[in-house]
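K.L.:
what shape does this take:
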Amino acid sequence: MRFPKIALASAVVMLAAACGGGDDSSSGENPDSLTVWVMGTSQDDLVAYFDEAETRFQEQYPDTAVNVEFIPWGDAQESITNAIAGGDAPDVLEVGNDQVSSWASQGALLDIGDHVGEWAPAADMDQEALEYGTYNGVQYGVPWFSGVRTLYYRADWLQEIGHEPPATWDELIEVSEAIEEEYGVPGFAAPTDFTNGIASFIWGNGGEIAVQDGEEWTGRLTDPETVEAVEFYAGLTQDGISPQSYVGETELVALADIANSQLGMYIDGGWALGSIEEQAEDPEVLENIASAPIPGAEGNAPVFAGGSALTVFGLTSYPDQAFDLLGVLGDQEGGKAYADVAGFFPAYPELLQADEYQNDPARAAAATSMQNTRFFPSTPRWNAADLDNKILPGAVLDIVRGGDPEEVMEGANEQLTTILNEPVE
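P.N.:
Below is the predicted model:
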C-alpha cells in the first residue's frame, strides 16, 4: 500500500489514530466506511448524486460505505479546525479553491502529489485550476467545479437601442451612455469593493496582480497595464458611468437595481440569479436579463474561476482509499455530474464545448468565460491582502476620491508585496 507524505505539524500527527473514516490501516484491510464533508446544505439532487457515487466507488471497494456530511459554509472554519485538533473528521474534504493553501499550511490536508501524478483525469483538467490546488509546490487539492462572473445586461434594452453586448472597454462606455440617455438609469455598475471584478479589468488589459519567483512574491500593481486598468475602472465612477451610490459597496448592491429596471448592466455570477428573482417586482423583467463575457480592453477579459477543490484530510487512516473516492467524485463523470446538479461548471475544458453548455442561453456566456480563467496568488497570505486589507478595493476607492493613480498604486504595491511575503503562521 502506498502512503503519500503527510504534511502536518508534529503536535497533530499524534492524533492520527483518532481520526478518519475507519480504523488503523496497518492491517491492509479496507475500511467499513469513508466520510466525505461537503460544504453547503443537503438537497435531494445532491443526495442522489452521492448515492450514485457510492455505487461507482463500491465497484472497487464493495464493502466500504460512503458517508456524506453537509457542512454549512459558515461552519466550515470551526469544523475543520476542530477536526485538526482531533474531533470528528472526514476522509475526503471539499474546500474553497482559494482556501487550499490556507488549510494546507495549517496541516489539514494530505500531500496527494503522487496520486495525482498517476491519475489519468488530471491531464484533462484545467491545468491552471489544478496548479491552484498546490501550496509550496506540493499538490493538496484537485478542482471539483468552478463558477465565473459574467456581464449581465438588459437584452431588450440593447435590442431597442441597436447595440450588441459590449466586448471592449470602449463599447462598455458607449452602451452605458446609450442606456442612460434612452432609459434615464445608469448603464453600468462599478462597485469599488469588488476584487473579482477589478481583477478581470486588470487581466483584461494584460496586467498582473503579483507573481512568484521561488519563495518570493512580487507585487505587479505598478505595471503600466495594471495602473491603466485600475484607473479605467475607477474612472467609470468619476465620469458618471457608474453611480456614486456604489462607492464602497460590493456587487450585491446592484441586485435590486437590475431586477427592477434601475440599471442596465453589471457583473456577477450565475449564483446571483436567485436573488435577482426574489427582488424583482415585475417577473417579466427576468426574461430580459441575459449575460455575456466581461469586456476587456480589446476583447473578452479573463475571469477568476471561483469554486471548490477536493482534498484528502491530513489525518485519514486510509489515504489510498480516500484518494480513490476523491477520484470517483472528481473524474470527468463524477465532476460533471456534481457541477450540473450544483449549478456550476466541470473542471474539464473539453466538456465545456458540449452543446448543453454552448447552446444554452443561460450558460453559454459563462461556459465561454470558463475557458479564459485566471487565479489569485496561491498563498495563505492572499486572504490577508484581500479580505483583511482590501488592497485592490482600497486602491480603487482612493482613486475615485481623487488620489493620483500612480502614487496610489505604488503604495498598494508595497503593501501587497509586504503582506504576501510575511511568514505563514
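
K.L.:
now the strands: where do they sit in the stretch 151-300 of the chain?
P.N.:
In the stretch 151-300 of the chain, the strands defined using DSSP state E, counting those that start in this stretch lie at 210-213, 216-219, 265-269, 289-292.

K.L.:
JSON lines for the ones you listed, including mean pLDDT, distance to F188 and mean neighbour count?
P.N.:
To be clear about C-beta, it is placed using only N, CA and C from the backbone, and glycine gets the same treatment. Output for those, formatted as JSON lines (pLDDT from 0 to 100; distance: least, C-beta to C-beta, whole Å; neighbours: other C-beta atoms under 10 Å):
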{"stretch": "strand 210-213", "mean pLDDT": "95", "distance to F188": "27", "mean neighbour count": "13"}
{"stretch": "strand 216-219", "mean pLDDT": "97", "distance to F188": "28", "mean neighbour count": "18"}
{"stretch": "strand 265-269", "mean pLDDT": "96", "distance to F188": "5", "mean neighbour count": "24"}
{"stretch": "strand 289-292", "mean pLDDT": "96", "distance to F188": "13", "mean neighbour count": "21"}
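
K.L.:
how about those in TSV, adding distance to T55?
P.N.:
Written out in TSV, the entries for the strands of the stretch 151-300 of the chain read as follows (distance: least, C-beta to C-beta, whole Å):
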stretch	distance to T55
strand 210-213	42
strand 216-219	45
strand 265-269	32
strand 289-292	36
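
K.L.:
which of these sits closest to L310?
P.N.:
Of all the strands of the stretch 151-300 of the chain, strand 265-269 sits nearest to L310, with 20.6 Å by C-beta to C-beta.

K.L.:
just how off-centre is that closest one within its chain?
P.N.:
How far strand 265-269 lies from its chain's middle: 15 Å, per C-alpha atoms, centre = their mean, to the nearest Å.

K.L.:
before we move on, back to that, so which of the strands of the stretch 151-300 of the chain comes closest to I241?
P.N.:
When those are ranked by distance to I241, counting by C-beta to C-beta, first place goes to strand 265-269 at 10.0 Å.

K.L.:
check what contacts the closest one and list those residues.
P.N.:
Applying C-beta atoms under 8 Å, 6 or more residues apart in numbering, the set of residues contacting strand 265-269 from outside is 147-154, 166, 172, 175-176, 179, 187-189, 194, 197, 200, 251, 254-255, 257-258, 294, 306, 366.

K.L.:
okay, and which of those map to helices?
P.N.:
Cross-referencing these with the helices (criterion: DSSP state H) gives L172, V175, S176, I179, G197, S200, L255, D257, I258, A366 as the overlap.

K.L.:
check contacts around the residue nearest the centre of the chain.
P.N.:
In the chain, the centroid-proximal residue (C-alpha atoms, centre = their mean) is G306; its distance is 1.0 Å. Taking C-beta under 8 Å, 6+ apart as the contact definition, G306 lies against G96, N97, D98, S146, G147, V148, N196, G269.

K.L.:
hmm, try it at 7 Å
P.N.:
Under the criterion of C-beta atoms under 7 Å, 6 or more residues apart in numbering, the contact partners of G306 comprise N97, S146, G147.

K.L.:
okay, it and D404: tell me how far apart.
P.N.:
Here G306 is placed at a distance of 32 Å from D404 (C-beta to C-beta, to the nearest Å).

K.L.:
what does Y266 give?
P.N.:
Distance check for Y266 against D404: by C-beta to C-beta, it reads 28 Å.

K.L.:
just the buried members of the contacts of strand 265-269?
P.N.:
Buried subset of the contacts of strand 265-269 (neighbour count, 16 or more other C-beta atoms under 10 Å): 147-154, 166, 172, 175-176, 179, 187-189, 194, 197, 200, 251, 254-255, 257-258, 294, 306, 366.

K.L.:
nothing else from me, thank you.
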